[in-house]
Each structure stands twice: as C-alpha cells, then as structure tokens.
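Novice: Following is a predicted model, sequence given first.
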Amino acid sequence: MPSFDWKAVQKHILIHYRWVFVVLFLLPLSALYDIYFYVRSWLIFRVNSAPRQHGRRLQHVQRQVKAWHDSGQQQHMCTARPGWQTISFRQAKYKQIYTNISINMIDILELDTQKQTVWCEPLVTMGQLTATLVELGWTVPVVPEMDDLTIGGLVMGSGIETSSHKAGLFQHSCVSFELVLADGSAVTCSETENAELFYSVPWSYGTLGFLTAVEIKIVPAKRFVRLEYRPCNSPAQLLQEFSDATKREDGNQFVEAICFTRETAVVMVGNMVDSAEPGKVNCIGRWHMPWFFKHVESFLSSGTAVEYLPIRDYYHRHTRSIFWEIQDIIPFGNNVVFRWLLGWLVPPKVSLLKLTQSQAIKELYENNHFIQDMLVPLDRLGPALDCFHQEVQIYPIWLCPFLLPSRPGMLQSVGDEDRFYVDIGTYGVPHVADFKPVETTRRVEKFVRENNGFQMLYADSYLTREEFRQMFDHKLYDKLRQQLPETTKAFPEVYDKVNRNARI
Ligand SMILES: Cc1cc2nc3c(=O)[nH]c(=O)nc-3n(C[C@H](O)[C@H](O)[C@H](O)COP(=O)(O)OP(=O)(O)OC[C@H]3O[C@@H](n4cnc5c(N)ncnc54)[C@H](O)[C@@H]3O)c2cc1C
Ligand SMILES: NC(=O)C1=CN([C@@H]2O[C@H](COP(=O)(O)OP(=O)(O)OC[C@H]3O[C@@H](n4cnc5c(N)ncnc54)[C@H](OP(=O)(O)O)[C@@H]3O)[C@@H](O)[C@H]2O)C=CC1
Ligand SMILES: CC(C)=CCC[C@@H](C)[C@H]1CC[C@H]2C3=C(CC[C@]12C)[C@@]1(C)CC[C@H](O)C[C@@H]1CC3
C-alpha cells in the first residue's frame with residue numbers, strides 16, 4: 001500500500017486553493033488597511049499638520065545616520081521599510097544585515113498652485129496623491145498605475161505611465177529632492193542646485209542618500225479621460241498604430257497598448273476632457289465592473305470605440321486586477337457574481353500577498369512565472385515582441401511608450417538625443433515548453449542590452465555586474481559616490497541591491 005503523500009496534497013492545496021485564504025482573509029485585511037490610511041491621510045492633510053511634523057521627522061533621520069556614523073560604520077545602511085511592503089517581486093536580503101534607517105514619512109506636505117508643484121514625503125503613495133490632488137483639480141504629469149507605489153520608490157527606482165511619451169518617466173516630473181547624506185547632512189538638489197546629484201538620484205536605489213522629500217510638478221486635471229480603443233489584427237498594424245499614436249505632436253495625452261496574442265492587440269489613446277458624451281461614461285473603477293484588460297479585449301470583436309472614464313478610474317484602471325496577475329490568484333475574480341458580492345474588497349494588497357505567500361507559492365512563481373518590464377527603443381519594438389514571443393509566449397503584454405530625454409544619469413539613450421522608448425510588460429505563466437527562469441531571463445536581458453534598452457529593477461535581474469554597468473551608465477554615479485561624504489562606506493552600489501542574489 002503506497003504511503004499517502006501528504007506533502008504533495010498540501011502543496012496542491014496551497015497552490016490551487018490559495019484563493020480561499022486570499023478571499024477570506026487578505027481581502028478584508030487589505031480593505032481595513034486602505035480605509036485606515038485613507039482616513040488618516042485625509043485628516044492629516046485637512047489639519048495641515050504634516051509640514052510641522054516633517055522637520056521633526058527629518059531630524060530623526062539625521063540622528064539615526066549620525067548614530068550609524070558614530071558607531072563606527074560597521075554595516076551599510078538601507079531604509080527600514082519592511083521588504084514585504086514594497087511593490088517589487090522579491091524581498092531584499094540586505095535588510096536583515098544592513099543598518100535599517102526608519103523613514104516613516106508618509107504625508108503630502110504642501111500644494112503650491114501658484115508655482116504648480118506639490119511637496120511629498122517619500123512614503124506617499126500614488127493612490128494617496130491622486131485622491132488628494134484630483135479632488136482639488138490637479139494631478140501630476142506621470143501617475144504610475146498602482147495605488148501602493150510610493151514616491152520614494154518611484155524616484156529611487158523608476159515609474160512609468162501612459163503619459164510618459166510626453167512627460168518622460170516619473171523622475172522627469174520631479175523639480176527637486178531633499179536628501180540626508182551619509183554624514184547626516186540634509187541637502188536639496190535640483191537642475192540649478194547640486195545638479196549632478198539631482199540627475200544621479202533616479203535609479204540610485206537609495207545608494208547616494210536617503211530621500212526625505214520630493215517636489216513634483218502638478219498639472220490641471222480634468223474630470224474624464226476620453227479613451228479611444230483601436231483594435232489591431234496584425235503585428236504590422238500594431239507597430240504602425242502604436243508608433244503613430246506615440247509620435248503624434250498634438251493630443252494623445254495617454255497612449256498604451258495591450259497585446260492579447262502575437263497577432264491581436266488594442267491600442268488605446270486618451271485625452272483629458274471636462275465633459276463626456278451622454279451614455280459613453282464607463283466608471284470602470286467601480287467594484288462590480290469587469291477587469292479592465294478583459295473589457296479592452298472585448299473590443300477585438302466589437303471594433304473601434306470611444307468611452308469616457310472618470311480620471312481616477314483611468315489612472316488606476318489596472319489596479320483592481322493587478323494588471324492580469326489576479327487571474328492566477330483569484331481565477332474566478334472576473335465572474336459577475338463574485339464582482340457584485342466581493343468586488344468591493346478587491347484587490348488584495350501586493351504587500352500582503354508577498355507577506356503571506358507560502359514556500360510552495362514562492363517556488364511556483366520562481367519556476368513557472370515571469371514578471372519583467374523591459375524598456376527598449378521604440379524602433380526595436382517589433383524584434384522585441386518576437387523575442388518575448390519566442391522566449392515566454394506570455395499574453396497579455398502591456399506596451400507603454402515613454403520619451404527618454406537626453407540628460408545626465410543612469411539612463412542614456414543612443415546618440416545622446418531625446419528618444420522614444422517602450423516599456424514591454426510581461427506578467428504571467430510562460431507557455432513555452434522549456435521555460436527555465438535563469439536562462440530565459442538572461443537571454444531576454446541580452447536582447448535588451450544589445451538593443452540599448454534597460455531592465456526595470458523591481459523584477460528579477462540576472463545580469464552580471466559587468467553587464468549591469470553596460471546597461472546603465474555609471475559615469476556620473478561613480479563620480480558622485482566618490483565626491484559625497486562617506487558614501488562608499490554607507491551604501492552599496494545599486495547592483496548590490498537589485499541583482500537576483502540580493503533578493504529572496
Ligand atoms: C492589513 C495590513 C495591510 C498592510 N499593507 C501595507 C501596505 O500595503 N503598504 C505598506 O507600506 N504597509 C502595509 N502594512 C504595514 C503597516 O505599515 C504595518 O502594520 C506597520 O508596521 C504599521 O506601523 P505603525 O504601527 O508604526 O503605523 P504607522 O506609523 O501609522 O505607519 C508606518 C508605516 O506604515 C506604512 N504606511 C503608512 N502610511 C502609508 C501610506 N500612505 N502608504 C504606504 N505605506 C504607508 C509605512 O510602511 C510606514 O512606515 C499593512 C499592515 C496591515 C495590518
Ligand atoms: N507603473 C510603474 O512604474 C510601476 C513600477 N513598479 C516598481 O515599483 C518600484 C516602487 O516600489 P515601492 O514599493 O514604491 O518602492 P521600494 O520601497 O521598493 O523602493 C525601491 C528602492 O528605492 C529605495 N528607496 C525607497 N524609498 C527611499 C528613501 N526614502 N530613501 C532612500 N531610498 C529609498 C529602496 O531602498 P531600500 O531597499 O533601502 O528600502 C529600494 O531600493 C519602482 O521602483 C518600480 O520599479 C512596480 C509596479 C508599477
Ligand atoms: C507597470 C510596471 C512598470 C510594472 C508592473 C509590475 C507588477 C505587475 C508587479 C510588481 C510586483 C509584482 C508582484 C506580484 C504580481 C505582479 C507585481 C504586482 C505578486 C502579487 C504575485 C503573487 C505573489 O505571491 C506575490 C507577488 C508580489 C510582487
């Protein structure tokens with residue numbers, strides 16, 4: 001009588017019935033968390049207590065860094081933000097070894113409508129910022145999609161959205177940064193003050209100093225986004241439609257595409273408007289509405305169409321379904337009965353999914369899942385889609401164009417001129433026979449490197465240190481690390497924080 005393989009049964013349940021735990025526990029917990037921080041942020045902003053608290057919090061960060069300095073600088077430093085709270089695929093191993101500096105700065109400090117900027121602390125999230133600004137008729141030029149993305153992570157890492165073909169990456173909307181350096185001094189930098197530091201902060205992953213405030217441009221927000229859906233039925237049609245929409249000078253404030261197969265895609269072009277045509281408003285963000293990407297897919301059969309989305313519904317259109325990742329977590333999540341009954345609790349927080357994932361789930365995502373955002377020159381989109389199709393065959397694919405301005409810093413486009421790039425986002429289960437995470441990812445990384453592209457570093461990066469330095473221009477970064485006080489003692493290099501071996 002063969003013995004019963006309890007471990008196999010347990011693994012099967014943990015993987016195939018994860019939705020039970022997610023629906024019964026994580027969804028309610030996530031909702032409670034969001035309600036608490038929404039009310040807290042609303043109150044703090046209304047009573048305007050944040051600016052006074054900021055000075056105290058800044059001194060707290062400085063004191064911690066000076067204490068590290070006085071204790072003999074035994075270990076590198078990093079922020080104390082728990083790794084499970086970050087919108088990155090893994091948790092940072094170094095947080096258990098380095099000296100953790102608490103930067104619990106989570107408030108919007110000041111909105112200056114004359115200067116048209118907003119001052120934020122680094123743990124302000126995109127959901128918090130849009131909820132505050134849009135109500136007042138303002139927004140920021142680039143609103144990265146997911147609610148829980150923080151200003152600190154989007155500056156020190158990277159941020160992109162469908163307005164990036166006009167406004168660049170999130171970093172290109174930033175006017176100035178306030179940082180605490182390795183000697184405990186607080187400095188501000190901008191294009192006119194400490195400019196080399198200003199250009200080196202983006203993509204530095206907290207290895208030049210601790211970010212304590214960011215000044216970001218604001219632009220007027222209108223009530224709706226007029227969104228035009230343009231189905232494409234061949235790769236050639238997609239490339240033409242997507243490139244024309246991206247390069248068009250006037251209009252097209254928002255451009256993105258979702259590829260549903262190698263042949264089919266929907267290009268979406270949007271513009272902010274103050275009023276909507278009757279009967280064409282789609283409040284896609286409402287709890288009971290379908291997942292956005294499923295709604296977009298329906299236009300492949302119904303043809304070109306125009307809708308008007310309330311602006312916050314548009315900004316966070318992929319949030320409820322975590323792009324399309326939720327289908328692997330709650331497979332029936334788009335079912336109309338589930339949506340009407342429990343849709344108001346969705347999505348589970350990425351942080352809690354990270355915090356509670358079992359070893360079986362981690363192994364499943366390690367060996368049968370691929371999550372990457374690769375940034376390639378727009379004129380290499382065709383070969384890039386061929387490469388992704390050959391290597392992983394994951395659909396949908398998210399395409400988001402962006403303008404990379406010619407500026408000093410880690411991201412240098414070929415020929416030192418402003419250049420259009422495209423973010424190719426692939427998140428899901430590979431459908432190729434011989435998927436091997438390391439070998440496959442390294443082949444894709446090689447394609448991206450050879451085509452003057454970049455890898456978004458929230459994902460698993462298998463680049464060697466040499467390959468990483470080929471992909472990202474370290475000239476100014478290395479100069480700053482030598483010039484800034486105590487920096488090489490205080491912080492590792494970016495590579496040491498983002499390569500796959502630095503994460504679990
Ligand atoms: C149900 C649940 C869900 C959670 N989900 C998240 C999450 O998605 N993101 C997350 O950062 N933490 C999350 N947390 C972690 C939360 O920050 C911890 O409970 C933390 O230890 C609370 O710290 P505190 O008691 O000092 O509260 P507080 O001092 O009020 O909060 C401090 C910490 O909470 C987090 N935080 C506070 N406000 C925000 C904000 N506006 N945006 C992002 N983070 C903020 C930051 O990590 C911050 O360091 C969650 C916790 C629970 C119980
Ligand atoms: N639409 C988009 O653009 C999306 C982007 N992303 C990714 O998510 C990331 C943002 O995730 P989020 O959770 O907000 O960021 P994280 O907390 O993951 O931070 C990213 C990096 O920035 C560093 N950092 C963050 N805050 C500070 C600070 N105040 N001072 C110094 N260093 C800091 C962190 O250092 P440390 O490790 O020391 O804490 C970490 O290395 C982006 O970088 C992007 O790659 C994900 C989804 C969508
Ligand atoms: C639009 C850009 C630039 C990036 C989008 C990236 C996201 C789709 C991923 C970033 C972190 C990822 C995580 C997961 C899904 C996809 C992301 C949100 C999980 C929730 C998948 C399930 C695992 O158990 C936990 C993962 C945490 C990180």
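Specialist: Looks like it arrived, so ask away. Ligands and ions are numbered 1, 2, ... in the order given.

Novice: Ignoring the adjacent residues along the chain, who's closest to the one residue sitting closest to the centre of the chain?
Specialist: Nearest to the mean C-alpha position of the chain, by Cα atoms, centre = their mean, lies G159 at 5.2 Å. Nearest non-adjacent residue to G159, counting by Cβ to Cβ, 6 or more residues apart in numbering: F170, 2.9 Å away. (C-beta placed from N, C-alpha, C; glycine too.)

Novice: hang on, that neighbour packs against I160?
Specialist: Yes. Shown here, F170 and I160 form a contact pair, counting by Cβ atoms under 8 Å, at 7.0 Å.

Novice: Now do the shared contacts for those two.
Specialist: Contact criterion Cβ atoms under 8 Å, 6 or more residues apart in numbering; residues shared by F170 and I160: 142, 144.

Novice: who's more crowded, the two?
Specialist: Using other Cβ atoms under 10 Å as the criterion, F170 and I160 rank with F170 on top: 28 against 24.

Novice: how about the more buried one, what does it touch?
Specialist: Residues counted as contacts of F170 (Cβ under 8 Å, 6+ apart) are 142, 144, 154-155, 158-161.

Novice: Select, from those, the two members most distant in space.
Specialist: Greatest spatial distance among those (Cβ to Cβ): V155 and E161, at 14.4 Å.

Novice: more crowded one of these two?
Specialist: Neighbour totals were compared for V155 and E161, and V155 leads with 25 against 22 (other Cβ under 10 Å).

Novice: Show me where the stretch 301-450 of the chain dips below the pLDDT cut-off.
Specialist: The model of the stretch 301-450 of the chain has no residue with pLDDT under 70.

Novice: Would you map the helices across it?
Specialist: Assigned helices in the stretch 301-450 of the chain, in chain order: 311-315, 336-342, 350-356, 359-368, 381-391, 437-450 (criterion: DSSP state H, counting those that start in this stretch).

Novice: Of all these, which one is nearest M77?
Specialist: helix 350-356 (22.3 Å).

Novice: Would you state the helices of the stretch 1-150 of the chain in chain order?
Specialist: In the stretch 1-150 of the chain, the helices defined using DSSP H, counting those that start in this stretch lie at 6-16, 18-21, 27-47, 50-70, 126-135.

Novice: Of these, flag the one that's most buried.
Specialist: Using mean count of other Cβ atoms under 10 Å, the stretch among these with the largest mean neighbour count is helix 126-135, at a mean of 20.

Novice: Now do that one: which elements does it pack against?
Specialist: helix 27-47, strand 108-112, strand 117-120, helix 311-315 (3 or more Cβ pairs under 8 Å, 6 or more residues apart in numbering; DSSP states H and E).

Novice: Report the beta-bridge partner residues of the residue of the stretch 401-504 of the chain found nearest ligand 3.
Specialist: Closest approach of the stretch 401-504 of the chain to ligand 3 (Cβ to the nearest ligand atom) occurs at Y427, with a separation of 4.5 Å. Listed by DSSP bridges, the beta-bridge partners for Y427 are I371.

Novice: Tell me how many other residues crowd it.
Specialist: Residues near Y427, counting by other Cβ under 10 Å: 20.

Novice: Surely K166 touches L403?
Specialist: Yes. In this structure K166 lies within contact range of L403 using Cβ under 8 Å: 6.8 Å.

Novice: And for the residue of the stretch 251-400 of the chain found nearest ligand 1, the neighbour number?
Specialist: Residue nearest to ligand 1 within the stretch 251-400 of the chain: S351 (3.6 Å; Cβ to the nearest ligand atom). Using other Cβ under 10 Å, the number of residues around S351 comes to 17.

Novice: residues in contact with it?
Specialist: Going by Cβ under 8 Å, 6+ apart, S351 touches 84-87, 148.

Novice: okay, those residues in TSV with pLDDT, distance to I216 and neighbour count next?
Specialist: Output for the contacts of S351, formatted as TSV (pLDDT from 0 to 100; distance: Cβ to Cβ, whole Å; neighbours: other Cβ atoms under 10 Å):
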residue	pLDDT	distance to I216	neighbour count
W84	89	27	16
Q85	89	22	18
T86	88	20	23
I87	86	18	20
D148	90	18	21
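
Novice: Of those, which are in range of ligand 3?
Specialist: I87 (Cβ under 6 Å from any ligand atom).

Novice: Now, the contacts of S351 that are in strands?
Specialist: Members of those lying in strands (criterion: DSSP state E): none.

Novice: wouldn't S321 be in contact with D328 here?
Specialist: No. Counting by Cβ under 8 Å, D328 is not a contact partner of S321; they are 10.8 Å apart.

Novice: and G72, how many neighbours?
Specialist: Neighbours of G72 (other Cβ under 10 Å): 7.

Novice: Per-residue pLDDT of the residue lying closest to S173 once chain neighbours are set aside, please?
Specialist: The shortest distance from S173 to any non-neighbouring residue, by Cβ to Cβ, 6+ apart, is to P141 (4.4 Å). What the model reports as pLDDT for P141 is 98.

Novice: Show me this protein divided up by domain.
Specialist: Listed by the TED database, the domain ranges of the chain are 51-220+492-498, 369-473.

Novice: can you redo those as CSV with distance to Y314?
Specialist: Formatted as CSV, the domains of the chain follow (distance: least, Cβ to Cβ, whole Å):
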stretch, distance to Y314
domain 51-220+492-498, 9
domain 369-473, 14
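
Novice: P290 is nearest to which of the ones you listed?
Specialist: domain 369-473 (14.2 Å).

Novice: quick check, that closest one touching ligand 2?
Specialist: Yes. Using Cβ under 6 Å from any ligand atom, domain 369-473 reaches ligand 2 at 456, 458.

Novice: Between the two ends of that domain, what distance do you get?
Specialist: 30 Å (Cα to Cα, to the nearest Å).

Novice: ok, now stretch 451-469?
Specialist: 15 Å.

Novice: And that stretch, what's buried?
Specialist: 451-463, 467-469 (16 or more other Cβ atoms under 10 Å).

Novice: So which residues of the stretch 251-400 of the chain form strands?
Specialist: Using DSSP state E, counting those that start in this stretch, the strands of the stretch 251-400 of the chain run over 254-259, 265-273, 305-310, 370-377, 397-404.

Novice: so the second one versus strand 305-310, what angle?
Specialist: If I follow you right, that is strand 265-273. Angle, strand 265-273 to strand 305-310, by axes from the mean of the first three to the mean of the last three Cα atoms, to 10 degrees: 50 degrees.

Novice: Pairing partners for strand 265-273, with directions?
Specialist: strand 224-232 (antiparallel), strand 254-259 (antiparallel).

Novice: need those strands in a markdown table with distance to ligand 2, mean pLDDT and mean neighbour count, can you?
Specialist: Formatted as a markdown table, the strands paired with strand 265-273 follow (distance: least, Cβ to the nearest ligand atom, whole Å; pLDDT from 0 to 100; neighbours: other Cβ atoms under 10 Å):
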| stretch | distance to ligand 2 | mean pLDDT | mean neighbour count |
| --- | --- | --- | --- |
| strand 224-232 | 17 | 98 | 21 |
| strand 254-259 | 11 | 98 | 26 |
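
Novice: Mind putting the ones you listed into TSV with distance to ligand 1?
Specialist: Supplementary listing: the strands paired with strand 265-273 in TSV, determined by distance: least, Cβ to the nearest ligand atom, whole Å:
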stretch	distance to ligand 1
strand 224-232	25
strand 254-259	25
